[in-house]
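# Pasting the sequence and the predicted coordinates here, then a few questions.
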Amino acid sequence: MTKDKLVIATKNAGKAAEFRTILKPKGIKLLTLADFGNLPEIEENGQTFLENARIKAETIAKLTNLSVLADDSGLMVDALNGEPGVHSARYAGDHDDVANNAKLLANLAQVPDEERTAKFHTTLVLVSPNGHQLVSEGEVRGKILTAGRGENGFGYDPLFYVPELNRTMAELSATEKNAISHRGRATKQMMTKFDEWWANNENFSD
Ligand SMILES: O=P(O)(O)OP(=O)(O)OP(=O)(O)OC[C@H]1O[C@@H](n2cnc3c(O)ncnc32)[C@H](O)[C@@H]1O
Ligand SMILES: [Mg+2]
């Protein structure tokens, strides 16, 4: 691998922006799928976050011959037995945040405040062109409100209340969200693993 160039295998502009902020101090040149012309649609048909992150990372590594970081993430609501989980992006059918949030609220309509606990989860997979892989995970716990609050972030952020900060994810600045989020935590863990790897190996791709 080139230590200085990394493809983030995402089409989600919100995720891409978060990775750019989190990884900025590393000084790595980041590319996303938007930087490549005609990549095929990737079918995320895994049963787990890990399977889906692997599918995305391996597919893009093969196509680009570059090192690739893929993120598969989602919202797991306790009262819904962990749903929408791996189906978070297309919970209401299409990849539509407004419709997904509306469906979530409808499914929780009868659920009292104290039972509206949930967590965000991220699994990250980093692959080098020759197939070396590192995996990391991150989570953050919170509660699902009965109406959205805040304009920042993306996806389910307006409905996800973080008790410690007394704000929703969408009411946090990018820096505040990254400091406590599933994605921020998973990325920090990944960078630690990567630095250990780098210290013990001449080259990620060797
Ligand atoms: O697969 P890529 O191209 O990376 O983009 P995606 O949006 O499809 O991403 P996922 O397949 O990982 O689906 C995760 C969904 O979970 C939700 N989600 C993940 N992280 C989130 C976050 O930080 N804030 C709010 N919602 C989030 C959101 O609805 C995402 O679309
Ligand atoms: Mg996806």
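Looks like it arrived, so ask away. Numbers count the residues shown, from 1 in each chain. Ligands and ions are numbered 1, 2, ... in the order given.

# the bottom helix or strand of the protein by mean pLDDT?
Across the helices and strands of the chain, the lowest-confidence element by mean pLDDT, DSSP states H and E is helix 182-200, at a mean of 89.

# tell me what that helix is packed against?
Helix 182-200 makes packing contacts with helix 13-23, strand 68-77, strand 117-127, strand 133-144 when contacts are defined by 3 or more Cβ pairs under 8 Å, 6 or more residues apart in numbering; DSSP states H and E. Any C-beta I mention is one placed from the backbone N, CA and C, and that applies to glycine too.

# Out of these, flag the one nearest residue 168.
strand 133-144 (8.3 Å; Cβ to Cβ).

# Kindly report the residues of this structure close to ligand 1.
10-12, 15, 44, 71-75, 88-89, 100, 120, 153-157, 169, 181, 183 (Cβ under 6 Å from any ligand atom).

# Of these, just the buried ones, ChimeraX syntax please.
Under the burial definition 16 or more other Cβ atoms under 10 Å, those of these that qualify are selected in ChimeraX by:
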select :10,12,15,44,71,72,73,74,75,88,89,100,120,153,155,156,157,169,181,183
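
# roughly how far out does the least confident helix or strand of the chain sit from the chain middle?
Helix 182-200 has its C-alpha centroid displaced from the chain centroid by 15 Å (Cα atoms, centre = their mean, to the nearest Å).

# any idea of the angle it forms with strand 68-77?
Helix 182-200 and strand 68-77 are oriented at 150 degrees to each other (axes from the mean of the first three to the mean of the last three Cα atoms, to 10 degrees).
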